[in-house]
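Trainee: Take a look and give me a structure for this.
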Amino acid sequence: MPASRATPVVPPRLLALPSFFGVRFIKAEPTTYLLQYKRGRVKREGVGLAFHYYAATTSLVAVPIASSDAPFIFNETTADFQEITVQGQVTYRITDPRRVAALLNFSLDGGTYRYVSDDPDKLSERVVNRVQVLTSKQVQRLPMRAAIRASDALVQQLLADLRASPELDALGLEILGLSILAIKPTPESARALEAEAREQLLKEADEALYRRRNASIEQERAIKENELGTELAVELKKRQIRDAEIDTQRSVLEKRNALRAAELEANTALEERNKQLVALRGENQRAESDTRAYGLEAMMKALSTADSKTVQALASIGMKPDQLIALAFQELADRAEKIGQLNVSPDLLQGLLNGSAATPPTAARK
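Mentor: Next comes the predicted model:
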């Protein structure tokens, strides 16, 4: 893994005046914790001190307590053995200058007021190394696709781990913040992911097109179903109307049949009564005929013993003139062999045609 790029620590800005017989004056910035050692003991310490000192017997230690930014960039391997690059920055500050001065050399050169060692630079390197160890631990648990999208979660986890780190606490450091600027795969993996993402986008576009077509088909089907439902409802109403008409016709026919049945029953009863009446009439006529036959029989018996002339005379009683004339002609016809010539007057014929006769006919035999 490549080394992180740590920014070198710039020596604190100090105001130093020319020395007179080895006595010098120094003034520190408010963000610099200055310690004055004399004979192995701390004579002065504090923030933003200004004092004269004897250079031959004094050692100065300047610890910057302002916040510092340590950028980093390193490669890590994910759980699926893919290499990624993590780039970011950690911000920290020194909270215990005496502890740091005891562990690292922050001594100043008496002539140039620069650090006499590179220990100040190693402090930021130690912080970055700790960040790299914790980052590697977290990244190795994630696959590449999850790792390149886990910036926020990774920042929160690393920040919590750094603040709880005993190594940084031993150095008297406080982690103020952490930011991850980028998590990038290798160019080959990036191209593969881009191709996969492109295919996924094309697939989603096709699916969107299919969904739009399906939605259109569903809408057309819904419209057709509504039309069919409307037609079905109309046909159902028509059927109901036809059924109602049939029921009405059936009711009318039933009423007509009932009326006809009532008429037939009435006619049957009437015919039965007529039949009884006819039978009664037949019996009456039979009885009447029997009575008449009996009367005629008695009359015929009586007439059989009487003279024909008498019978004829009795029969002519109460006859009309035309009947009497007819009877006279009949008598003439019976005696036709004895009559030589028969003369009938015109008046008689005219009376017979008119249905009456004024005088009886006259006959002459020759």
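
Trainee: residues contacting the nearest residue to Leu176 once chain neighbours are set aside?
Mentor: Nearest residue to Leu176 in three dimensions, chain neighbours excluded: Thr91, at 4.4 Å (CB to CB, 6 or more residues apart in numbering). C-beta: built from backbone N, CA, C; applies to glycine. By CB atoms under 8 Å, 6 or more residues apart in numbering, Thr91 lies in contact with Ser67, Ser68, Asp69, Ala70, Ile175, Leu176, Gly177, Leu178.

Trainee: mind redoing it with 10 Å?
Mentor: Counting by CB atoms under 10 Å, 6 or more residues apart in numbering, Thr91 makes contact with Ser67, Ser68, Asp69, Ala70, Val127, Glu174, Ile175, Leu176, Gly177, Leu178, Ser179.

Trainee: What's opposite the fourth one in the beta bridge?
Mentor: Counting by DSSP bridges, Ala70 is bridged to Val90.

Trainee: can I see the domain layout of the protein?
Mentor: 14-185, 319-354 (automatic domain parsing).

Trainee: Could I get the average pLDDT for the longest one?
Mentor: Averaging pLDDT along domain 14-185 gives 88.

Trainee: Distance from it to the middle of the chain?
Mentor: 64 Å (CA atoms, centre = their mean, to the nearest Å).

Trainee: mind listing the helices for the stretch 201-350 of the chain?
Mentor: Assigned by DSSP state H, counting those that start in this stretch, the stretch 201-350 of the chain shows helices spanning 308-316, 321-334, 346-354.

Trainee: rank the ones you listed by pLDDT, which is bottom?
Mentor: Going by mean pLDDT, the lowest-scoring of the helices of the stretch 201-350 of the chain is helix 308-316, which has a mean of 64.

Trainee: Go through stretch 256-275 and flag the buried ones.
Mentor: For stretch 256-275, burial by neighbour count (16 or more other CB atoms under 10 Å) applies to no residue.

Trainee: Please apply the same query to stretch 323-337.
Mentor: Per 16+ other CB under 10 Å, stretch 323-337 contains these buried residues: Ile325.

Trainee: Check stretch 62-75 too.
Mentor: Ala62, Val63, Pro64, Ile65, Ser68, Ala70, Pro71, Phe72, Ile73, Phe74.

Trainee: so how far is the first residue of that stretch from its last?
Mentor: End-to-end distance for stretch 62-75, by CA to CA, to the nearest Å: 35 Å.

Trainee: Please tell me I have it right and Ile339 contacts Leu332.
Mentor: Yes. Taking contacts as CB atoms under 10 Å, Ile339 lies within contact range of Leu332: 6.5 Å.

Trainee: any idea which of the buried residues of stretch 62-75 is closest to Asp119?
Mentor: Using CB to CB, Val63 comes nearest to Asp119 of these, at 10.9 Å.

Trainee: check contacts around that closest one.
Mentor: Counted by CB under 10 Å, 6+ apart, Val63 has contacts 12, 32-35, 45, 47, 94, 96-101, 104, 106, 120, 123, 172.

Trainee: Just these: which are in strands?
Mentor: Thr32, Tyr33, Leu34, Leu35, Glu45, Val47, Ile94 (DSSP state E).
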